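Colleague: here is a sequence with its predicted model. Questions after.
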Amino acid sequence: MKDHYKFIGHFYDLLSNLYSGKSIKHCKVAMLDHLKPGDRVLFAGAGHGMDAVYAAQRGADVTVVDLSETMLNKFQQNLEKSGVNVTIRRVHCDILHVIEFEHYDMVVANFFLNVFEHEMMVKVLAHLIKLGKPKARIVVGDFSFPSGNLLSRLFKTLYWYLAVGFFWLFANNAFHNIYNYPETMRQLGLDVTEKKHFRLLLLNCYWSIMGQKAT
């Protein structure tokens, strides 16, 4: 398995804090207060995973999955530095190889689906939905789809292309337009129940979207 985050994985959280003013950090935990002790939650593309640690502190049974060994190592280092005494299951594999269908109460994809071309993004999101139990919550945190007046949409679009261009160059991620996740989630059968926005320079540049599976 090639680790595309072998270089920038060490600086991933630092970079996101720098270019988002910590809005990404808040976005990643936005829906986790819905968790109850004992809930099973999976984080796909966990990155440095402090959102996963937050979920574990709330008593959730947490699994993190990441294809990048660098990211998983950084996650473990951050967990040890934090001094938080929680148990989190780590899985080093492609998320499509996780076949624990209808196992999780919540599945979280924070700033993960944007690494894929559109067709693969839909395939991966459909797979994540299968991992959730009936009535499970599926959470997607990412750059928000451009809205508002012309200047607002222009700023968000340029900002997105700067970010996606950087990760295309240094992590071999796909280069594409901003995805409209709520639309895709509805097309895949989810009921979009909640959206929270997070700002940069007074503009809603990020959002966390929660969808719920049917019975």
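Modeller: Great, that's in hand.

Colleague: longest strand anywhere in the protein?
Modeller: Counting residues, the longest strand in the chain under DSSP state E turns out to be strand 132-143.

Colleague: ok, that one: who's next to it in the sheet?
Modeller: Partner strands for strand 132-143, per DSSP bridges, with pairing direction: strand 104-110 (parallel), strand 203-212 (antiparallel).

Colleague: can you tell me which of the ones you listed is most buried?
Modeller: strand 104-110 (a mean of 25; mean count of other Cβ atoms under 10 Å). Placement of C-beta: from N, CA and C, glycine included.

Colleague: I'd say V108 and F43 touch.
Modeller: Yes: using Cβ atoms under 8 Å, V108 is in contact with F43, at 4.9 Å.

Colleague: pLDDT below threshold where in the protein?
Modeller: By pLDDT under 70, the low-scoring segments of the chain are 1, 7-9, 11, 18-20.

Colleague: now the residue most central in space within it: how far from G45?
Modeller: Centroid-nearest residue in the chain, with Cα atoms, centre = their mean: N110, separated by 0.9 Å. Distance, N110 to G45, by Cβ to Cβ, to the nearest Å: 7 Å.

Colleague: before we move on, what about L96?
Modeller: 12 Å.

Colleague: likewise G132?
Modeller: Noted for G132: a distance of 16 Å to G45, by Cβ to Cβ.

Colleague: which positions in the following helix or strand past the longest strand of the chain come out as buried?
Modeller: Next along the chain after strand 132-143, taking DSSP states H and E as the criterion, comes helix 150-171. For helix 150-171, the buried set under the neighbour-count rule, 16 or more other Cβ atoms under 10 Å, comprises F155, K156, Y159, W160, A163, V164, F167, A171.
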